[in-house]
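>>> sequence? don't have it. structure:
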């Protein structure tokens, strides 16, 4: 069980850093500062962070930024990286055109 | 809906995937292998260097050759490989959807092997998104598969084997590697790989990290700085280099998404997000297996063995092999795998600071920080002996599982013994005939032939040489030491090429006798002198 | 760690977070929200298609659906300090056959009868409203006051804001049972044994509410079924309207981001059987079927690349509308669940009304038709 309020008190207030402008998620252009700030707003999991800021929602689905976001969040939470669970993986494994997906011999599409 | 069923579906036609399919096919299983690339072989085809290990590990064979052999074997056993086939989804009931051409095809497997390998990690620093910042693996693909030069002046970040090997290959391709940098205090890869790079004159900056990549539209320069124990940059340590390319070799992460999607229990490790597997690669979902880098980053040699282990396991699971057969084959394979996992760089030793070799010799600190064994340290090692007549000088100073040099010498001059991580020993009693086979057979390019008094006051050093254009006999140039700095002028006396050497040319230079234990690399005079 | 509160909310989805927010806003000092998973909004709240609509609803839902759109959604971004991307540009429900049009006409008439503006439009008008649609569409129903929003930022926005206002949140806090103390539902006991105590318990945990309510003898008749969605990569801006079809082939819209979000079904949803429902597996058929459904009506998207698909469980109430209100036979317990796949748009209004119910006030609109104990046998 995680007491969000207590954790927020433990980690203290958000302090701006010189490298807050650094891009972390290239696909969706999410910066380090945005991620760090979001942690202080109560966003503790990658699942939540992804939905809040869109990191990991771009074309590479987090393949590039996943590790980086994980370690930034864990550092902000004053924990080791394994405190933050990786995001789930779903089909399709690569971006695929709708018309190709639609051709699988199922249904009535011609 | 047309769903085709196969005994075994393999996802990824790299070393692990193909090896597994071949092993299973040998027992009558009919596997199908899907790969999203236009060519099979995974990372093997861009590995132009000679592999380490022992004969059964395909030591001294170049990666792409191993790839060719694997493909031939796959064809021989009728393994169906479908290229340009992207697996789009893997479902818990072992159904697979694959994009082939402009449609999706459905397949069901009685067993599935996921061998999708890994992808490169990134690090953040100011300017990391500028064109010119690329993964070392990506640079390797560009150069070695597509024959495109990634850039002209490169800074390499990362001193693991990938960083070291790719740095060398960048130079072979014609790039200038201005520096190799790593935030760690010691080089993470093999000393012999580092030595190859250092003697070309590439400076190593350990305990340094990239502060900023400069440039408006693309990389034009980079600044690095030394990090203190608190990971903060130490004031006054900034160094700037004009580069157009920054290669990142900061580790790989398994591409295990399909396994996660299929419901396999996963574990979050320092080496990435991997499936929980038993020793045979069986995941928590019965019938779904994982092999190779996707189950934990190692190297191609271990991926192939893991593939074979999974292959025989799957054959038995499907009823194509008996349990005894499986057990004995696995025992055989596990011995091979175990051998690879020995020595200084064994997984068990990760993170430990090894101070002495198995023989009790102090490891060269200079090698670990600067990339070369110093003149004072080199004499410690059993491969380095003082002889006047021609003899091999083996600058192999760390325990790694590798022994092709032993078999290369037909005269018994070199011995390693049954423990293949042992340092090679040069036996003075045996007569070296200077054939040079040992020099060419060493995947680490760590063997030299040295002969004193070829003419009064001068001796010869024969070195492995894999750069184009080859020097010509009679050419005058500069001999460089292990640190890449000029030690003296020299003359090229022999240039030998032979099919038996497999593209490792033997370059012999004449130097004063007192330079014989220093001169280890050659530069033509017309190149800018290093210092 | 505080385990006692004025109100304990079970379920960290949008209804739970919105309720927490409106309670905090109206002065309730101690509010605790318990979420079973590790993430706020893990369930349907962050998996749905973002529709904020009045049309196509059961008449019992219309009053509060309209209330939310008129009074809450327009200023929500400002209020929460998060861009909820509320877009009120209308909802076209498309038809390709006469039978479709008849169905849509009936829905439009029903809507008009209760004061909601829904018109039928012909093929030409459909193209005028949205020139990206298939020329095979012969007509549609058009509700100009419907729209869509971003369920991810809305849910997390309510969470963030209520956290700022002093609400306590516990994640990875799975509720095992409720317990009455002196005849009133007062204790919430987690699977790890931790006991929370509240004057008032609000249960809004989707399908999981059923098992929890059962521990104090309250039955919420609903089943669960799975639904899938997918999202494309960013596209150039095309349209802001919400789309649906008469035969429920698909629904969806283009998000502010530029990507298209669509949901559809392949017919397998009611027989989907997962060994472990928490795994949320998509199946191998629905994504392809969904693409076909969308391309049938929006053919220009055939080259759009899908980057991800996902699924979520629907808490399917027996009569298709949620259970909202006090439990008459379990004093102290208020429920809000069974939203049957269309709860997102009404969540702000539901959250507000739940806060009113807790305070003992009259709700902004009458929701007695949604009483939790309304099930009656058919004979």
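Everything's here; your move. Note that this is a predicted model, so its numbers are computed, not measured.

>>> With chain C as the reference, measure out to the closest residue in space to residue A:76 that isn't next to it in sequence.
Nearest residue to residue A:76 in three dimensions, chain neighbours excluded: residue A:39, at 4.2 Å (Cβ to Cβ, 6 or more residues apart in numbering or on different chains). Any C-beta I mention is one placed from the backbone N, CA and C, and that applies to glycine too. Residue A:39 sits 11 Å away from chain C, going by Cβ to the nearest Cβ, to the nearest Å.

>>> now the helices: where do they sit in the chain?
Chain wasn't specified; assuming chain A. A:4-11, A:32-40, A:46-53, A:66-76, A:98-101 (DSSP state H).

>>> The chain in question should be chain C.
C:14-25, C:62-67, C:76-80, C:98-113, C:123-129, C:151-164, C:209-214, C:286-297, C:347-359.

>>> which of the ones you listed sits most buried?
Comparing the helices of chain C by mean neighbour count (mean count of other Cβ atoms under 10 Å in any protein chain shown), helix C:14-25 ranks first with a mean of 28.

>>> re earlier: mind putting the helices of chain C in JSON lines, mean pLDDT and distance to residue B:42 included?
JSON lines is the format used below for those (pLDDT from 0 to 100; distance: least, Cβ to Cβ, whole Å):
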{"stretch": "helix C:14-25", "mean pLDDT": "98", "distance to residue B:42": "45"}
{"stretch": "helix C:62-67", "mean pLDDT": "95", "distance to residue B:42": "54"}
{"stretch": "helix C:76-80", "mean pLDDT": "98", "distance to residue B:42": "48"}
{"stretch": "helix C:98-113", "mean pLDDT": "93", "distance to residue B:42": "51"}
{"stretch": "helix C:123-129", "mean pLDDT": "97", "distance to residue B:42": "51"}
{"stretch": "helix C:151-164", "mean pLDDT": "98", "distance to residue B:42": "37"}
{"stretch": "helix C:209-214", "mean pLDDT": "98", "distance to residue B:42": "48"}
{"stretch": "helix C:286-297", "mean pLDDT": "96", "distance to residue B:42": "27"}
{"stretch": "helix C:347-359", "mean pLDDT": "98", "distance to residue B:42": "48"}
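
>>> Can you add distance to chain B and give the ones you listed back as TSV?
Shown next, in TSV, are the helices of chain C (distance: least, Cβ to the nearest Cβ, whole Å):
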stretch	distance to chain B
helix C:14-25	26
helix C:62-67	36
helix C:76-80	30
helix C:98-113	27
helix C:123-129	29
helix C:151-164	21
helix C:209-214	23
helix C:286-297	6
helix C:347-359	29
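
>>> Which of these sits closest to residue B:231?
The minimum distance between residue B:231 and the helices of chain C falls on helix C:151-164, with 30.7 Å, by Cβ to Cβ.

>>> Is chain A within reach of that closest one?
Yes. If you take Cβ under 8 Å from any Cβ of the partner chain as the test, helix C:151-164 does meet chain A, through C:152-153, C:155-156, C:159-160, C:163-164.

>>> Could you give the separation of that helix from the chain centroid?
15 Å (Cα atoms, centre = their mean, to the nearest Å).

>>> now the angle from that helix to helix A:46-53?
100 degrees (axes from the mean of the first three to the mean of the last three Cα atoms, to 10 degrees).

>>> hmm, back to that, could the helices of chain C go into a markdown table alongside distance to residue A:73?
Shown next, in a markdown table, are these (distance: least, Cβ to Cβ, whole Å):
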| stretch | distance to residue A:73 |
| --- | --- |
| helix C:14-25 | 21 |
| helix C:62-67 | 37 |
| helix C:76-80 | 22 |
| helix C:98-113 | 46 |
| helix C:123-129 | 43 |
| helix C:151-164 | 15 |
| helix C:209-214 | 31 |
| helix C:286-297 | 30 |
| helix C:347-359 | 27 |
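
>>> before we move on, back to that, touching, the residue nearest to residue A:76 and residue A:73? I think so.
Yes. If you go by Cβ atoms under 8 Å, residue A:39 and residue A:73 touch, sitting 5.8 Å apart.

>>> Now do the shared contacts for the two.
Taking Cβ atoms under 8 Å, 6 or more residues apart in numbering or on different chains as the contact rule, the neighbours common to residue A:39 and residue A:73 are residue A:49.

>>> which residue does chain C bring closest to chain B?
residue C:284 (4.9 Å; Cβ to the nearest Cβ).

>>> Let me know the secondary structure of residue B:69.
Residue B:69 falls in the helix class when you classify it by DSSP: H, G, I helix; E, B strand; the rest coil.

>>> neighbours around the closest residue in space to residue C:95 that isn't next to it in sequence, how many?
Counting by Cβ to Cβ, 6+ apart, residue C:246 is the residue found nearest to residue C:95 once chain neighbours are left out, at 4.3 Å. By other Cβ atoms under 10 Å in any protein chain shown, the residues close to residue C:246 number 22.

>>> what do you get for residue B:34?
Residue B:34 has 25 neighbours, counted by other Cβ under 10 Å.

>>> contacting residues around it?
Counting by Cβ under 8 Å, 6+ apart, residue B:34 has contacts B:9-13, B:82, B:85-87, B:96, B:98.

>>> low-confidence ranges in the stretch 101-250 of chain B?
Across the stretch 101-250 of chain B, nothing is flagged by pLDDT under 70.

>>> ranges for the helices of it?
With DSSP state H, counting those that start in this stretch as the criterion, the stretch 101-250 of chain B has helices at B:136-144, B:161-173, B:191-198.

>>> Mind putting those into JSON lines with mean neighbour count and distance to residue B:475?
Below are the helices of the stretch 101-250 of chain B laid out as JSON lines (neighbours: other Cβ atoms under 10 Å in any protein chain shown; distance: least, Cβ to Cβ, whole Å):
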{"stretch": "helix B:136-144", "mean neighbour count": "21", "distance to residue B:475": "27"}
{"stretch": "helix B:161-173", "mean neighbour count": "24", "distance to residue B:475": "19"}
{"stretch": "helix B:191-198", "mean neighbour count": "27", "distance to residue B:475": "22"}
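
>>> Distance to residue B:354 added to those, as a markdown table?
Output for the helices of the stretch 101-250 of chain B, formatted as a markdown table (distance: least, Cβ to Cβ, whole Å):
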| stretch | distance to residue B:354 |
| --- | --- |
| helix B:136-144 | 25 |
| helix B:161-173 | 16 |
| helix B:191-198 | 11 |
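
>>> Go through those and name the closest to residue B:462.
Of the helices of the stretch 101-250 of chain B, nearest to residue B:462 by Cβ to Cβ is helix B:191-198, at 15.8 Å.

>>> Now do the buried residues in stretch B:55-74.
For stretch B:55-74, burial by neighbour count (16 or more other Cβ atoms under 10 Å in any protein chain shown) applies to B:57-67, B:70-71, B:73-74.

>>> and of those, the nearest to chain C?
Closest to chain C, out of all of these and judged by Cβ to the nearest Cβ, is residue B:74, at 27.3 Å.

>>> and that closest one, what element?
helix B:63-76 (DSSP states H and E).

>>> Show me what that helix packs onto, helices and strands only.
In terms of contacts (3 or more Cβ pairs under 8 Å, 6 or more residues apart in numbering or on different chains; DSSP states H and E), helix B:63-76 is packed against helix B:15-25, helix B:300-317.

>>> anything in the shortest one near chain A?
It stands for helix B:15-25. No. Judged by Cβ under 8 Å from any Cβ, helix B:15-25 and chain A are separated, with a smallest distance of 15.5 Å.

>>> and the angle for that helix with helix B:63-76?
Going by the same axes, to 10 degrees, helix B:15-25 makes 30 degrees with helix B:63-76.

>>> what distance separates the following helix or strand past helix B:15-25 from the centre of its chain?
Next helix or strand after helix B:15-25 toward the C-terminus (DSSP H and E): strand B:31-34. Centroid separation between strand B:31-34 and its chain, computed with Cα atoms, centre = their mean, is 27 Å.

>>> No further questions, thank you.
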